[in-house]
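Chemist: Here's my sequence, what's the structure:
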Amino acid sequence: MSTTTSHTSESEEQPEGAGRPAGGTATRPARLIQNEATTEIPVHLLFRDEPEAVSVPLRPAVVARRQGTGEQPRLRRPVPARSRTAPRLDPGLAERPARVLPGLAGVLAGAGGLVGGLAASWWAGVLPPLAAGVLRVPPFTGAGLGPAQWAAFAGSGALCVLGFGGLARGRTGQARLLELFGRYRGTVRRTGLLWVNPLLRRRRVDVRLRHWRSEVMPAADANGVALRVVVLVVWRVRDTARAVLGIDDHEAYLRECVEAALARVPVEMPTGAGGGVAAAGELLTRLVVADAAPIGLEVFSAQPVRVEYAPEVAAAMDRRRIAALDARERAGMLNSVVDSVEDTVTRLTMRGLVELDDYERKVLVRDLTVAFCSGRGERV
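Modeler: Numbers count the residues shown, from 1 in each chain. Next up is the predicted model:
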């Protein structure tokens with residue numbers, strides 16, 4: 001943008017004598033920079049030193065339209081930042097208790113079916129003599145196998161199959177998820193002998209407290225050094241419907257959650273107090289809990305139990321750690337020697353055992369330092 005160019009263009013466009021009052025005093029016209037896509041800003045406001053409260057109407061920022069297309073300018077809408085959210089499952093998919101009966105009801109129904117079958121056989125005259133002798137029933141020639149007898153046989157058989165076929169044994173730490181033609185019908189967590197509708201599909205789910213020890217997983221520390229970590233996860237299935245029906249394999253999903261959390265959590269090598277590993281374990285547990293909760297898994301802890309350097313950096317990092325430990329040991333030994341020398345010289349001079357000038361004091365300090373360092377070196 002050039003002010004000289006605007007002067008020249010205005011002088012060429014303005015006719016001579018235009019914009020002057022009758023008195024003859026020349027008045028400079030206001031020069032403007034016009035831009036239909038942004039706003040109109042007076043040129044003289046760009047070069048003012050003192051600020052003034054000048055209200056300039058601003059137009060919304062628009063996207064420039066292409067010439068000759070007839071498109072209307074469109075306002076720019078801010079694009080919301082994408083945030084990581086938990087997986088969304090069916091809101092109606094949640095564990096609920098299934099309708100079951102005590103096992104005694106199934107036993108009685110099955111026994112009733114057996115008794116009905118024997119009675120229908122005796123009625124039809126096809127009851128074996130051995131069974132008649134055991135049951136001590138009077139002999140009966142029977143009416144033959146007619147429609148009524150066949151109906152009695154069918155009803156007794158169906159009752160026997162439904163009674164004995166629906167018996168199930170509930171165990172502590174195990175639940176049975178029931179489905180009917182692919183539709184969730186409830187979960188059985190009761191123990192003991194139960195009767196469940198034999199038409200329902202039963203899927204056994206382990207709801208006990210479980211420990212999962214991962215394989216070696218890649219990780220990194222705060223400086224980006226490659227590590228290998230083994231994580232111990234304590235977890236259990238809290239919602240059987242979401243864990244079994246909401247996802248293909250909840251154990252594989254838990255393993256992926258641990259891997260994703262390790263990629264976001266810096267893990268430090270264990271020290272004497274173990275503070276770095278403990279802090280990483282707390283953060284890792286929070287992340288895994290948040291990722292596994294939507295699918296019905298309850299995670300109690302996820303702690304790194306073994307942390308080591310990756311093979312490609314293990315040798316270099318071991319040398320670095322040994323050097324750091326050696327420097328720390330030398331610094332501690334030097335501080336101890338300096339304190340011992342200072343205490344010895346101070347006692348000698350304050351008690352009046354010796355009188356030393358500056359040179360003699362320096363020599364004594366040097367000799368004591370060499371003696372103390374030699375003695376501590378032999379101990380080490």
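Chemist: The chain: helices as residue ranges?
Modeler: Taking DSSP state H to define them, one finds helices in the chain at 3-13, 103-124, 129-135, 147-165, 240-245, 250-264, 275-292, 311-350, 358-379.
Chemist: then the last one to PDB, C-alphas only?
Modeler: The C-alpha atoms that make up helix 358-379 are tabulated as PDB, following Å, rounded to 0.1, in the frame of the first residue of the first chain:
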ATOM      1  CA  ASP A 358      48.100 -18.400  56.100                       C
ATOM      2  CA  TYR A 359      50.800 -20.400  54.400                       C
ATOM      3  CA  GLU A 360      51.000 -23.000  57.100                       C
ATOM      4  CA  ARG A 361      47.200 -23.200  57.200                       C
ATOM      5  CA  LYS A 362      47.100 -23.900  53.500                       C
ATOM      6  CA  VAL A 363      49.700 -26.600  53.800                       C
ATOM      7  CA  LEU A 364      47.900 -28.200  56.700                       C
ATOM      8  CA  VAL A 365      44.600 -28.200  54.900                       C
ATOM      9  CA  ARG A 366      46.200 -29.800  51.800                       C
ATOM     10  CA  ASP A 367      47.900 -32.500  53.800                       C
ATOM     11  CA  LEU A 368      44.800 -33.300  55.800                       C
ATOM     12  CA  THR A 369      42.700 -33.400  52.600                       C
ATOM     13  CA  VAL A 370      45.100 -35.800  50.900                       C
ATOM     14  CA  ALA A 371      45.200 -38.000  54.000                       C
ATOM     15  CA  PHE A 372      41.400 -38.200  54.400                       C
ATOM     16  CA  CYS A 373      40.800 -38.800  50.700                       C
ATOM     17  CA  SER A 374      43.400 -41.600  50.700                       C
ATOM     18  CA  GLY A 375      41.800 -43.200  53.800                       C
ATOM     19  CA  ARG A 376      38.300 -43.100  52.400                       C
ATOM     20  CA  GLY A 377      39.500 -44.400  49.000                       C
ATOM     21  CA  GLU A 378      41.000 -47.500  50.700                       C
ATOM     22  CA  ARG A 379      37.800 -48.100  52.600                       C
END
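Chemist: for the stretch 1-150 of the chain, what are the low-confidence residue spans?
Modeler: Scanning the stretch 1-150 of the chain for pLDDT under 70 picks out 1-88, 129-143.
Chemist: before we move on, back to that, so which of the helices of the chain has the densest surroundings on average?
Modeler: helix 240-245 (a mean of 22; mean count of other CB atoms under 10 Å). (Glycine included, C-beta is placed from N, CA and C.)
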